[in-house]
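*Asks:* structure for the following, please:
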Amino acid sequence: MSIKDQAMSENQELSVFSETMALKMDSLAEQIQLIIPATPEETWQEIVKLEEQAVINAAKKGLLLLTLKENCKHGEFEKRFLKLGIGRRSAFDAMSVAKMFLALPNSKLQTSALLNMNQSKLTELARLPIETIEALDDDDLEAFSDLSVRELKKELQRLKAHNIELDIERADAINACEQERMRKTANMRFDMPVIISQMRADAIAYTGLLDEALSQSGLQVTDLIEQRSLDLDMRLAAAQTMHHCWASIYQQVGHMLERLNGEFGEQVQGIENLPRFTAAEWEYVESQRSRLLESFQLDMKH
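*Replies:* Here you go, the predicted model:
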């Protein structure tokens, strides 16, 4: 066969193949209810519309899935959509897109670059923290929309790494500020050194706590003594416990008072001569007393 004959044969085969493929394409278009435009320009416009529709459909699908998820029991949601043949990745990507649209402010939703992204790019973008997406301006989004999906992934990875670095820097700055605050903590409260102010407040708060406990123990001792019909061994056990408890407190109080008298002697006067507290200081003391009582009552419950 000559070269010319061989070329003619190949052209005929290509023609038959093209006709067969055209028939298949027409058949498929009919099955999926697709009308193929008459001109290439109209075809390109139709493709753009389909891209936009894909994004809208993804958001719709994600929103519907989120609605169903709210009403499903734990573990039931994923089993259901897998049973219906919906891919796990497809479902969660759609929900990510919907969550992003739900979280973004209206001004960002109306950004043309965001709306013009295809579904693959939008899905990748939706995997970023919402704060990061909100921080992107129109130029950033325009640049992202012009990238291929592979290039976009690389750029988003770089952006994530950059944000992690910023988070670390922010955390370091917060820690530094906190350390500086602690270093500069005021050493005066109510026009007196903090240690003196705290001791005055604690003394009143602890006294209130101790008075309450002592009053309760006094009532229990009275009941224990008067109810002689109870088993003697049990009464002795209760009495021994109470005696040891308060004897220990008495010893500590006595030792503390001896040290105070040893240092300050007769300068430490009776309870009627306590230094006068300011209104603000009394308010602080009362708050400390409430806190101590709450803590005590909580410990008693456990």
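*Asks:* how does this protein divide up, domain by domain?
*Replies:* Listed by automatic domain parsing, the domain ranges of the chain are 26-167, 188-267+276-301.
*Asks:* and the shortest one, how far out from the chain's middle?
*Replies:* Domain 188-267+276-301 has its C-alpha centroid displaced from the chain centroid by 41 Å (CA atoms, centre = their mean, to the nearest Å).
*Asks:* heads up, I number from 3, so please use that
*Replies:* In the new numbering, first residue 3, that becomes domain 190-269+278-303.
*Asks:* start and end of it, how far apart?
*Replies:* End-to-end span of domain 190-269+278-303 (CA to CA, to the nearest Å): 37 Å.
*Asks:* circling back: any chance of the domains of the chain in JSON lines, with distance to Asn177 and mean neighbour count too?
*Replies:* In this view, the C-beta of every residue, glycine as well, is placed from N, C-alpha and C. JSON lines is the format used below for those (distance: least, CB to CB, whole Å; neighbours: other CB atoms under 10 Å):
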{"stretch": "domain 28-169", "distance to Asn177": "13", "mean neighbour count": "14"}
{"stretch": "domain 190-269+278-303", "distance to Asn177": "24", "mean neighbour count": "12"}
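*Asks:* among those domains, show the one with the smallest mean pLDDT.
*Replies:* Note on the domains of the chain: lowest mean pLDDT is at domain 28-169, with a mean of 74.
*Asks:* one step back: can you add distance to Thr22 and give the domains of the chain back as JSON lines?
*Replies:* Compiled in JSON lines, the domains of the chain are given as follows (distance: least, CB to CB, whole Å):
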{"stretch": "domain 28-169", "distance to Thr22": "11"}
{"stretch": "domain 190-269+278-303", "distance to Thr22": "83"}
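*Asks:* minimum distance to Ala178: which of those domains has it?
*Replies:* Ala178 lies closest to domain 28-169 among those, at 14.9 Å (CB to CB).
*Asks:* follow-up on the earlier one: between the domains of the chain, which one is closest to Ala175.
*Replies:* domain 28-169 (10.3 Å).
*Asks:* how long is that closest one end to end?
*Replies:* For domain 28-169, the end-to-end distance is 55 Å (CA to CA).
*Asks:* which other helices and strands contact the helix or strand encompassing Leu212?
*Replies:* In this structure, Leu212 is located in helix 196-228 according to DSSP states H and E. Counting by 3 or more CB pairs under 8 Å, 6 or more residues apart in numbering; DSSP states H and E, the packing neighbours recorded for helix 196-228 are strand 190-191, helix 234-266, helix 281-303.
*Asks:* report all helices and strands that the longest one contacts.
*Replies:* It refers to helix 234-266. Other helices and strands packing on helix 234-266, by 3+ CB pairs under 8 Å, 6+ apart, are helix 196-228.
*Asks:* the inter-axis angle of the helix it packs on versus helix 234-266?
*Replies:* 150 degrees (axes from the mean of the first three to the mean of the last three CA atoms, to 10 degrees).
*Asks:* so helix 196-228 versus helix 281-303, what angle?
*Replies:* 50 degrees.
*Asks:* contacting residues for the residue most central in space within the chain?
*Replies:* The centre of the chain sits closest to Pro131, judged by CA atoms, centre = their mean, with a distance of 12.3 Å. Neighbouring residues of Pro131 by CB atoms under 8 Å, 6 or more residues apart in numbering: Asn165.
*Asks:* I'd like to know how far it sits from Glu274.
*Replies:* 64 Å (CB to CB, to the nearest Å).
*Asks:* ok, Gly264 to Ala173 distance?
*Replies:* Using CB to CB, Gly264 is found at 50 Å from Ala173.
*Asks:* closest one to Lys81 among the helices and strands packed on helix 196-228?
*Replies:* Set against Lys81 and scored by CB to CB, the helices and strands packed on helix 196-228 come closest in helix 281-303, at 42.2 Å.
*Asks:* which residue, other than its chain neighbours, is closest to Leu211?
*Replies:* Nearest residue to Leu211, sequence neighbours excluded (CB to CB, 6 or more residues apart in numbering): Leu294, at 5.2 Å.
*Asks:* er, Lys71 I mean
*Replies:* Phe79 (4.9 Å).
*Asks:* which of the helices or strands spans the one you found?
*Replies:* Per DSSP H and E: helix 78-85 holds Phe79.
*Asks:* what packs against that helix?
*Replies:* Looks like helix 78-85 contacts helix 42-72, helix 90-105 (3+ CB pairs under 8 Å, 6+ apart).
*Asks:* these into TSV, with extra columns for distance to Ala207?
*Replies:* Shown next, in TSV, are the helices and strands packed on helix 78-85 (distance: least, CB to CB, whole Å):
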stretch	distance to Ala207
helix 42-72	48
helix 90-105	47
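*Asks:* for Ala239, which of these is the nearest?
*Replies:* helix 42-72 (58.2 Å).
*Asks:* all set now, cheers.
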